[in-house]
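J.: Okay, predicted coordinates and the sequence, questions at the end:
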Protein chains: 2
Amino acid sequence: MKNVTKLIIADDHPLFRKGLVDLISTIPQFSICGEADDGIQAIELIKKNVPDIAILDINMPGMNGFDVAKKVKSDQPSIDIIFLTMYNEEELFNKAIDLGVKGYILKECAVKDILDCIISVSEGKYYISPVISDYLVNRSSILKINETHKSAIDKLTPTEKQIMQQIAENKTSKEIADKYFISIRTVENHRMNICNKLSIHGSNALLKFALENKHLF
Amino acid sequence: MKNVTKLIIADDHPLFRKGLVDLISTIPQFSICGEADDGIQAIELIKKNVPDIAILDINMPGMNGFDVAKKVKSDQPSIDIIFLTMYNEEELFNKAIDLGVKGYILKECAVKDILDCIISVSEGKYYISPVISDYLVNRSSILKINETHKSAIDKLTPTEKQIMQQIAENKTSKEIADKYFISIRTVENHRMNICNKLSIHGSNALLKFALENKHLF
DNA sequence: TCACATCTAAGTATTCCTACTCATATAAAA
DNA sequence: TTTTATATGAGTAGGAATACTTAGATGTGA
């Protein structure tokens, strides 16, 4: 393991950047080998100074954090990347994970969390902000929609819930019928009754609902 | 805010429970008002001693953590619940969130994380283990499958990706055709080409794939 | 006993998706 | 220039889901 971890910070807000630099400077284990105002400057600095970790703001002029991360990952894959962002949106988070980003923290996080993140990543671990829990709890696909549907789901009979489980596993009506030794028409009737109870309409609506609420049945 | 936070711990592994008790005892802010071996005992203790927070193992004999949490949430909803579990599975995690559980940590977590969790919950915040990041990264729906499919997705042409986005939004071929002023047959051809490129077969397979990989297009 | 919910099953019709083949136009690449 | 990839469109076929109606069997609770 290295003695000193070299960091580069890219953020277009000077004040925030200064705060971060000061914070990191209190830890002797880390040294900051560059600061960037925007994405393009970040790329150049990373190429020139070859840090261990690059801390990137997602929202920057010129190239955004994603563009920078993509470029770095293809040119210098050994450099770890931390996203430091204001946006706690699931889409962005998932995209970041897919890009191979090692850390994801929100700017609203406590100072301690930000340091924890940098330390974890420097130790080769992943770190995702605990505050993400709030977005996990608040995001539509888990709670907002579910709260609405949960009561409706309770209206389903045991057999109907069983059918929903099978639908969520992408089984066709025929497969479900064969599995439980009942007529395919019975399964189709259950499907229709479920659709009515849940106020679901349109083609494949049930499959979509079942996939999204899989864990509730 | 209270001065002392009362905790109950339910876990069927005595050694682990002792470790946890010792750990928590080092913090004067917390006091342990009960320990349980199994779910039923946990319920009784919680009813009798009325803690602020209940720390529950998911895998317990008799009633499991979910059963206990459900009962507590309906009888004494003001009591916060923390799940402490060996299982880092998405299904369990989502179920826990839906139950209104405030903390979710894995037993493999660092001691510090476990303390952070209890402190956060005692302050009214949610806390989900940073190590969850590992499961987020490793779980099939984000990486294992995506890694396999990502290369395949790159083979899609821009138009095909556009079609996939629409499919992920649950649009029918007809709706997509109308939106882009092209023939429904063109859309259907794109669908088929996409199916071939991704080696997808069967009814609704494309919809399912699109929903699961929404964020990649 | 009567009412109600649930599970079972079928008839009919429509819409949508999948599968496979063929064809034309265009633009980029070899 | 010839090939290749891409986007466009159509013919034919079959499988599957949705929509709506009707109806018998069973069990539970009032």
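T.: Thanks, I have it.
J.: Against A:Asp22, how distant is A:Ile8?
T.: According to C-beta to C-beta, to the nearest Å, A:Ile8 and A:Asp22 sit 16 Å apart. Using the backbone N, CA and C atoms, a C-beta is placed for each residue, glycine as well.
J.: And A:Gln166, by the same measure?
T.: From A:Gln166 to A:Asp22 the distance is 57 Å (C-beta to C-beta).
J.: more neighbours, these two?
T.: Between A:Gln166 and A:Asp22, A:Gln166 has the larger neighbour count (other C-beta atoms under 10 Å in any protein chain shown), namely 20 against 9.
J.: Tell me which stretches of chain A form strands.
T.: A:5-10, A:30-36, A:53-57, A:80-85, A:103-106, A:127-128 (DSSP state E).
J.: Check these for me: which has the lowest mean pLDDT.
T.: Lowest mean pLDDT within the strands of chain A: strand A:127-128, at a mean of 74.
J.: Tell me which other helices or strands that strand touches.
T.: Helices and strands touching strand A:127-128, by 3 or more C-beta pairs under 8 Å, 6 or more residues apart in numbering or on different chains; DSSP states H and E, are strand A:103-106, helix A:111-122, helix B:132-138.
J.: ok, of the ones you listed, where does mean pLDDT dip lowest?
T.: Of all these, helix B:132-138 carries the lowest average pLDDT, namely a mean of 51.
J.: gap between the longest helix seen in chain A and the chain center?
T.: Within chain A, and with DSSP state H defining each element, the longest helix by residue count is helix A:184-198. Offset of helix A:184-198 from its chain centre (C-alpha atoms, centre = their mean, to the nearest Å): 34 Å.
J.: how about it, does it reach chain B?
T.: No - figure legend: helix A:184-198 not in contact with chain B (C-beta under 8 Å from any C-beta of the partner chain); closest approach 13.1 Å.
J.: Any residue of that helix touching DNA strand C?
T.: Yes - in terms of C-beta under 7 Å from any atom of the strand, part of helix A:184-198 sits within range of DNA strand C, namely A:Arg185, A:Thr186, A:Glu188, A:Asn189, A:His190.
J.: tell me, how many neighbours does A:Asn64 end up with?
T.: 15.
J.: Next up, the contacts around it.
T.: A:Gly39, A:Ile58 (C-beta atoms under 8 Å, 6 or more residues apart in numbering or on different chains).
J.: quick one: the most far-flung residue of chain A relative to its centre and A:Pro28, what's the gap?
T.: Note on chain A: the largest C-alpha distance from the chain mean falls to A:Ser183, namely 41.9 Å (C-alpha atoms, centre = their mean). Distance of A:Ser183 to A:Pro28, given as C-beta to C-beta: 73 Å.
J.: Quick check: which ranges of chain A have low pLDDT?
T.: Flagging of chain A using pLDDT under 70 yields the residue ranges A:1-2, A:88-91, A:130-151.
J.: Many thanks, I have nothing further to ask.
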